[in-house]
Structures are given as structure tokens and as C-alpha cells.
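> No letters, just coordinates:
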């Protein structure tokens, strides 16, 4: 995977203002701010498919009920596109996320960095705004390290990154090692399939605990 920042993502980042003297929280959306897996499982069941919970991956775990057929990578991507078209705008908020971000926004800037397809940028934004999470939204493609590096810049205040994917956590560690990394997985079934990301500073799966952890680190750093 390239370490270069895609032009589309670069343009989005350049359109927002980041105060380098103020703390910054960069958060993923799916399974961090909005509930993805539970809704995706319902979507699969409606079509007589199921998710077999064998691993922390979509490809290889989506099967047809009638004959146990396992969907290929391309078929999974097609299913995801259909799901995003139908459900992106109406996903539920992860419990505690709204309240935690409201409080954290008093002390830090918040940016949401999501890998939802860019086609559904407006739907993702509408969903977040309707939940009261009206923060700048950046749509990314691929590993998130380059985007976080660009967002964090030459920071003079603490920067935090929150994501459910160990791959993105590792990418940020490689690209912007000064960023504090929180591995967060809302769905308990999904969380049981993956241990703490090796490159994370914290593995936290609830927003009250995540908020408290960030607040303590901000206070320790003098912010």
C-alpha cells in the first residue's frame, strides 16, 4: 500500500483549519462513532446471507445460508456498496460517543476520518450531523497513516487517533509516531476476534473510558 496521500484526501484536508497549538482528536466512524457490524449483519440476514464470526475480516466470513457459499472479495465489495447506499445515512450512534465528543470538543479539535466510499460522503456526513457529531469529515481511501500525518502536521499539542483496525493503527505509528493511538472496537463480538493492536497505546472499547483516558493525557500535557 502506498504511503502517499491521495489527491482527493489532500484536498479535503486542505479545506479545514487545524490549530497546531490546540489538541486534536482524529476518529474513525464505523465501529467507533457509528454502529456498523450489527446493522450489516441485519442487512445480510435480509438477503439470506450470514456472517460467521470466524475472524476480524469481512472477506471469508460472509456466506449464503442455503449452501454455505463463501463470498469472494469482489462480491463482498459489491455487497458493501449496496449496504452503504442503503444504510449509511441511518446508522445508529455508538453508545456514549455523542456525549464524549461533546465534552472533548471543549478541550480539543475533532476531525472524523472515515474510509466509507467517497460516493457516500454526503450520507455519512448527514448521519453524523443528525447525531450531533457535526465535526469536519475527511473521506480517505487505503491506510490512514498518510492522512493522519497531514492532519497532525508539526503539532505543538497532543494528537490522538482512534480506530478499530490494527492496520490503520500500525500505519499511523509508521507515518506519525508522535500521535497517541487508541484501538477501539464497539461490537463485543468483533472485539473478541482481535487483540490490542501492537502499535496502539491503549485498547479501549467504551467511550466513557476513552474520554477519561484522553482527558487525563491532556491534563498531564498541560492542556
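Sure thing, it's come through. A quick note: this is a predicted structure, and the numbers were derived from the prediction, not measured. Numbers count the residues shown, from 1 in each chain.

> Give me the distance between the spatially most central residue of the chain and residue 128.
With distances taken as CA atoms, centre = their mean, the residue of the chain nearest its centroid is residue 28 (2.0 Å). Distance, residue 28 to residue 128, by CB to CB, to the nearest Å: 12 Å. No exception for glycine: its C-beta is placed from N, CA and C like everyone else's.

> Now tell me what touches stretch 166-174 from outside.
By CB atoms under 8 Å, 6 or more residues apart in numbering, the residues outside stretch 166-174 that reach it are 1, 3, 28, 143-146, 148-149, 161, 163, 179, 181, 183, 194, 197-200.

> among those, which ones are buried?
Using 16 or more other CB atoms under 10 Å as the burial test, the contacts of stretch 166-174 include 28, 143-146, 148-149, 161, 163, 179, 181, 183, 194, 197, 199-200 as buried.

> ok, for residue 200, nearest residue in space, not its chain neighbours?
residue 183 (3.9 Å; CB to CB, 6 or more residues apart in numbering).

> re earlier: quick check: the residue nearest to the centre of the chain touching residue 116?
No: applying CB atoms under 8 Å as the test, residue 28 and residue 116 come out as separate, 10.2 Å apart.

> ok, residue 30 - contacts?
Residue 30 neighbours (CB under 8 Å, 6+ apart): 36, 114-116, 164.

> quick one on the thing from earlier: anything in contact with each of residue 28 and residue 128?
Common neighbours of residue 28 and residue 128, using CB under 8 Å, 6+ apart, are residue 112.

> which residues sit in contact with the residue nearest to the centre of the chain?
Contacts for residue 28 (CB under 8 Å, 6+ apart) come out as 112-115, 144, 162-165, 168, 184.

> I'd like to know how far it sits from residue 162.
If you measure residue 28 against residue 162 using CB to CB, the figure is 6 Å.

> Do you have the helices of the protein handy? List them.
Per DSSP state H, the chain carries helices over the ranges 7-14, 37-46, 73-87, 97-104, 121-130, 145-152, 166-175, 188-191, 207-220.
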